[in-house]
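> would you be able to build a 3D model of this:
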Amino acid sequence: MSKSIKSIISHKHRYIYFYVPKVACTSIRNLLAIGDGLKWYHPWDKIQTKFEYIYLQNSNNKKYNNYFKFAFVRNPWDRLVSCYFDKVVGSKTKPDSIAIKNGEYIQFKKQYKKNFKTMTFPEFVYMVTDLDEKSSNGHFRSQYTFMNTEKLNFIGRFEQLQVDLNVIKKKFDLLNDVKHLLKSSHKDYKEYYDEKLKNVVAKRYKKDIKLFGYIF
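Okay, here's the model as predicted:
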């Protein structure tokens with residue numbers, strides 16, 4: 001686990017939220033920001049919401065033993081489809097975003113020096129699955145690397161997002177409604193895989209699949 005991975009901590013509500021990219025994290029951060037009385041800004045805005053963060057390894061400190069620790073996870077096959085349609089396909093239609101330049105998501109282009117504009121989904125999958133965890137961008141890094149799984153009090157599921165978000169809302173008396181922000185538009189994830197591609201993803205994310213009990 002890398003020290004550079006940060007989680008959101010609230011001393012007001014005494015929780016640590018281990019957030020995972022492409023698992024409704026924008027929607028969840030919106031909920032938590034309002035609950036902590038913080039002004040909410042879209043993550044791609046120049047001004048960011050002023051959350052307090054804690055490094056992953058430091059969240060094991062005994063003084064946080066009584067803090068409620070939670071995370072949300074997602075089917076790895078589905079998460080990768082969402083990543084592709086948001087950061088590759090979607091980048092072509094967001095010319096005004098500060099995260100996009102010339103129709104490409106700047107972070108991917110800068111990190112990997114590849115032409116994402118022309119990538120098909122299979123090409124994207126093979127590129128992603130060929131990377132180790134250290135080299136992987138957070139949007140497709142394995143989900144278990146973002147959290148101390150043995151310390152979690154609650155694991156929410158993207159597949160039942162509203163139900164599990166209600167657990168968090170009730171726990172911390174958060175009254176605002178939750179909207180699913182930045183929802184990517186695509187067909188059911190299964191339609192993008194053949195047997196070979198499905199197995200490539202299964203091999204790459206086998207620890208996530210085992211830990212969180214996912215099947216294709």
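
> next, the contact list for residue 76, please.
Shown in contact with residue 76 (CB atoms under 8 Å, 6 or more residues apart in numbering): 143, 201, 205, 208, 209, 214. All C-beta spots, glycine's among them, are computed from the backbone N, C-alpha and C.

> wait, which of these is closest to residue 175?
Minimum distance to residue 175 across the contacts of residue 76 is 28.8 Å, recorded for residue 143 (CB to CB).

> related to what we said a few turns ago, most surrounded residue in the contacts of residue 76?
For those, counting by other CB atoms under 10 Å, the largest number of neighbours falls to residue 143: 27 neighbours.

> how close does that one sit to residue 191?
23 Å (CB to CB, to the nearest Å).

> if we can go back for a sec, adding secondary structure and pLDDT, write the contacts of residue 76 out as TSV.
Shown next, in TSV, are the contacts of residue 76 (DSSP: H, G, I helix; E, B strand; the rest coil; pLDDT from 0 to 100):
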residue	secondary structure	pLDDT
143	helix	98
201	helix	98
205	coil	98
208	helix	98
209	helix	98
214	coil	98
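
> okay, those residues in TSV with distance to residue 108 next?
What follows is the contacts of residue 76, written out as TSV (distance: CB to CB, whole Å):
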residue	distance to residue 108
143	19
201	18
205	19
208	21
209	24
214	25
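
> report the two of the residues you listed separated the most.
143 and 201 (13.0 Å).

> quick check: phi and psi at the closest residue to residue 15 other than its chain neighbours.
Counting by CB to CB, 6 or more residues apart in numbering, residue 15 lies nearest to residue 68, which is 4.4 Å off, once chain neighbours are set aside. For residue 68, the backbone dihedrals (degrees, to the nearest 10) come out as phi -80, psi 120.

> the one 4 residues further on now?
When quoted as degrees, to the nearest 10, the phi and psi of residue 72 stand at phi -120, psi 140.

> quick one, strands of this protein?
6-10, 15-18, 52-55, 68-73, 100-101, 104-105, 154-157 (DSSP state E).

> hey, least reliable of those by pLDDT?
Lowest mean pLDDT within these: strand 100-101, a mean of 90.

> parallel or antiparallel, which strands does that one pair with?
Partners of strand 100-101 in the sheet, by DSSP bridges, are strand 104-105 (antiparallel).
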